[in-house]
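>>> based on what follows, work out the 3D shape:
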Amino acid sequence: MSVETGQEASASGTASKRLPMAVYLLAFSLFAMGSAEFLLAGVLPAIADDLKISLSSAGALISAFAIGVVIGGPPLAVLTLRWPRRTTLVTSQALFAVSVAIGLVTDNYGVLLATRFVCGLAYAGFWAVAAVTAIGLVTPDRTARASGVVVSGLSIAMVGGGPAGALISHFTGWQGGFWAVVALTAVGGLLTLVAVPATRAAEEPSVRRELRTMKQPQLWVVYAATLLSTAAYMISYNYLAAFLTDLTGIPSVWVPGILTLFGVGAFIGLSIGGRIADKRPHHALLAGAGGILLTSVLLALLAPHAVAVIPLVLLLGIAGFVLNPAIYGRVFTLASQAPTLAGATAVSAFQLGISIVPVLAGVALSAGAGLTSVPWLGAGLAVLTVPAVLIDRAVTRKRAQTPRPTEN
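Have a look, this model is predicted:
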């Protein structure tokens, strides 16, 4: 893989079986920034009251962030292609922190909406370059594991950072949790500047080469698998609180603890996936899709039974995240000549998968299908993921069996 020069990988990857500390630092920074995404949902009523706007208008702040992530990553990747990656990382963190801070000191809804969009842009830019930087710090046989560790920062943000920020905001006003995000992002930026090596590309960056590499149909098959698999588990996760209280009959006081099980499962899934994805990526992808399918079906069928639903939440987290390292591994394998743009597009596909969840669930619930329709939708999305994985595997095998032309 020609993502980096190999100096950093050989220095840090061969000396020890453990990943370099910089990889975990990148995960921490993603956790800090990602917490802002999951915190907002918990403070929407407070924002609406403070700014004297409707709840739906406050909800548009979530959409503004998501739009920034989806459409901002690839263009930013091209614009910053010739920058040193550490420079891009720190600049993204600084832009993110400043944008959040501006949103906290304004009482203008339009300004707050704009800052959320800019935050999405910066978040996408950091995420994509962080993944590329991480795989450049390890040997080629550990790229999926390294990218999985970076993505684990997002799972921590989902189950820990967002709820913790909401708790802080409960006692300090809705801005309090976001000020904590600003502080953590600033710390992450300083540590990135000091501790992350100044990695560089093996070849002179070329926008034309990156765009040419992105034309591979097989790469877009992997992006389809990314979008579908992400939506498959996130659709059930996003509605778990209502599912647990309304269908399973679990008291609301226990819901946060049960949701934490999803995060525990995510850690387990990332650990398993990161260790098998480098050698058997398609096994990890199929196992993850199959696991999401099975747990989603069982959630729908066993909804009234808490003794079954609670462990299924853990298993859904495992299944959902066991395939994430393999997805990033496949992206960077197929697009080794365009790692920055390919990584940014993978982030966009991931976020788009999250963004379509409210639309799909909203259609079903508005039609009167009931909450059990949500895991059934997740099962359907998991089924659609399987053909994409099989196509990618078939093309990969065909290429491996095709004799390469010999030189005269």
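>>> okay, domains of this protein per the record?
Per automatic domain parsing, the domain ranges recorded for the chain read 1-205, 206-408.
>>> find the least confident helix or strand in the protein, judged by mean pLDDT.
Ranking every helix and strand in the chain by mean pLDDT, DSSP states H and E puts helix 7-13 at the bottom, with a mean of 43.
>>> tell me the first helix or strand C-terminal of it.
For helix 7-13, the succeeding helix or strand toward the C-terminus, using DSSP states H and E, is helix 21-51.
>>> what's that following helix packed up against?
Here helix 21-51 touches helix 55-79, helix 85-104, helix 109-136, helix 143-156, helix 162-172, helix 175-195, going by 3 or more Cβ pairs under 8 Å, 6 or more residues apart in numbering; DSSP states H and E. (Each C-beta comes from the backbone N, C-alpha and C, glycine too.)
>>> surely Ala48 touches Leu40?
No - Ala48 is beyond contact range of Leu40, at 11.7 Å (criterion: Cβ atoms under 8 Å).
>>> that older thread, looking at the domains of the chain, which one has the lowest mean pLDDT?
When these are compared by mean pLDDT, domain 1-205 comes last with a mean of 81.
>>> list the buried residues for whatever helix or strand Thr226 lives in?
Taking DSSP H and E as the criterion, Thr226 maps to helix 217-238. Neighbour-count burial for helix 217-238, counted by 16 or more other Cβ atoms under 10 Å, picks out 219, 221-238.
>>> what is that helix packed up against?
For helix 217-238, the packing partners by 3+ Cβ pairs under 8 Å, 6+ apart come out as helix 281-301, helix 306-322, helix 324-334, helix 339-366, helix 373-401.
>>> show me what the longest one is packed up against.
The one in question is helix 373-401. Packing partners of helix 373-401 (3+ Cβ pairs under 8 Å, 6+ apart): helix 217-238, helix 281-301, helix 339-366.
>>> what's the closest of the ones you listed to Pro311?
Between Pro311 and the helices and strands packed on helix 373-401, the shortest gap by Cβ to Cβ is with helix 281-301, which sits at 9.5 Å.
>>> chain center to the closest one: distance?
In terms of Cα atoms, centre = their mean, to the nearest Å, the centre of helix 281-301 is found 18 Å from the chain centre.
>>> check which residues of it are buried.
Here helix 281-301 shows 281-300 as buried, counting by 16+ other Cβ under 10 Å.
>>> can you pull the contacts of Phe243?
236, 299, 303, 371, 374-375 (Cβ atoms under 8 Å, 6 or more residues apart in numbering).
>>> go with 6 Å
When contacts are counted by Cβ atoms under 6 Å, 6 or more residues apart in numbering, Phe243 touches Leu371.
>>> over to Leu113?
Residues near Leu113 by Cβ under 6 Å, 6+ apart: Ala64.
>>> so it versus Lys52, what's the distance?
To Lys52, Leu113 is 15 Å away according to Cβ to Cβ, to the nearest Å.
>>> Val222 too?
Taken as Cβ to Cβ, the span from Val222 to Lys52 is 45 Å.
>>> what's the answer for Thr91, then?
35 Å.
>>> got it, and Thr185?
Counting by Cβ to Cβ, the gap from Thr185 to Lys52 is 29 Å.
>>> of those two, who's got more company?
Neighbours were counted for Thr185 and for Lys52 using other Cβ atoms under 10 Å; Thr185 has more, 27 against 9.
>>> was I right to think that one contacts Ala32?
Yes - Thr185 lies in contact with Ala32 (Cβ atoms under 6 Å); the separation is 4.7 Å.
>>> the helix holding Thr226 versus helix 373-401: what angle between them?
160 degrees (axes from the mean of the first three to the mean of the last three Cα atoms, to 10 degrees).
>>> related to what we said a few turns ago, pick the most buried one from the helices and strands packed on helix 21-51.
The highest average neighbour count among these, using mean count of other Cβ atoms under 10 Å, belongs to helix 143-156 at a mean of 27.
>>> which residues are in contact with stretch 309-322?
Residues contacting stretch 309-322 (Cβ under 6 Å, 6+ apart): 233, 248, 258, 261-262, 265-266, 268-270, 272-273, 284, 288, 291-292, 295, 298-299.
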